[in-house]
Structures are given as C-alpha cells and as structure tokens.
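Student: This is a predicted model, with the sequence first.
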Amino acid sequence: QVQLVESGGGLVQAGGSLRLSCTGSGRTFGTYDVGWFRQAPGKEREFVSHINLSGSSTNYADSVKGRFTISKDIAKDTVYLQMNSLKSEDTAVYYCAVRLEYGTGFSRAGAYGYWGQGTQVTVSS
C-alpha cells in the first residue's frame, strides 16, 4: 500500500521560499511518476508540477515556471518541491500523488492516486 506524507508548508512572506517534501512508504518513487497539485479555498485542485520515474523529465504549470523546482531522491524515497519568489496567489494546500494512468496527460488530477493529506502554504503580502 502506497502512503504519501507531505511536509514543509508554513507561513512565509511574499518573495520568500519554502521547500516541500513528499515522503513515500518505501520504494515508492522508484516505481511511479509523481505530481504536485494545490487547492486554494473555493477553487478546484490544480496541477503544479510533475516528475517522471527516472527524474529526467519535469513539467510545470505556467504560473510557477521559473520559480518552482521539482526533484526526487529515490534513496530517501522523497520528492521535493522547491518554491522560490512566492506570491500571495501561491497560497493553497499542496498535495503530492503518484501517477497511476499514463494514457492521459500528466497534469490531470484524475490520473493520480494515493494522495497525501496535504500541507498548507500561506504567503502573506
């Protein structure tokens, strides 16, 4: 059974940085692609970033491109999301999940499963 735990969220001023971690239950990220999504109050869950199985390919939403970096450490069974130059509009609960469907795009939340419980990121302006 895959279990994911996000951590690293918090309160930060605009322009600041945070690094989120998504830790698997053992040998998780050597088996699956991983995605980060976020959900702000009253809004739908939206794609943030994706990294493939080997870590050789990464993808980002236009809204975070150039500011966020996704990476993985398979030995630690952890995926990171480094978030720099944070803006108030980045405020949301951030979730990680593993990709279970490969016939659809990597940005679709429906292609992912084993969602973590989420970690709150709040950016004050």
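Tutor: Thanks, I have the structure now. Numbers count the residues shown, from 1 in each chain.

Student: center of this structure, which residue is that?
Tutor: The residue lying closest to the centre of the chain (Cα atoms, centre = their mean) is Trp36, at 2.2 Å.

Student: what residue ranges in the chain score low on pLDDT?
Tutor: Scanning the chain for pLDDT under 70 picks out no residues.

Student: and the longest strand for this protein?
Tutor: strand 92-99 (DSSP state E).

Student: counting contacts, what elements does that strand pack onto?
Tutor: Secondary-structure packing of strand 92-99 (3 or more Cβ pairs under 8 Å, 6 or more residues apart in numbering; DSSP states H and E): strand 5-7, strand 18-23, strand 34-39, strand 78-83, strand 112-113, strand 119-124. To be clear about C-beta, it is placed using only N, CA and C from the backbone, and glycine gets the same treatment.

Student: Okay, now the sheet partners of the fifth one, with direction.
Tutor: Applying DSSP bridges, strand 112-113 is found paired with strand 92-99 (antiparallel).
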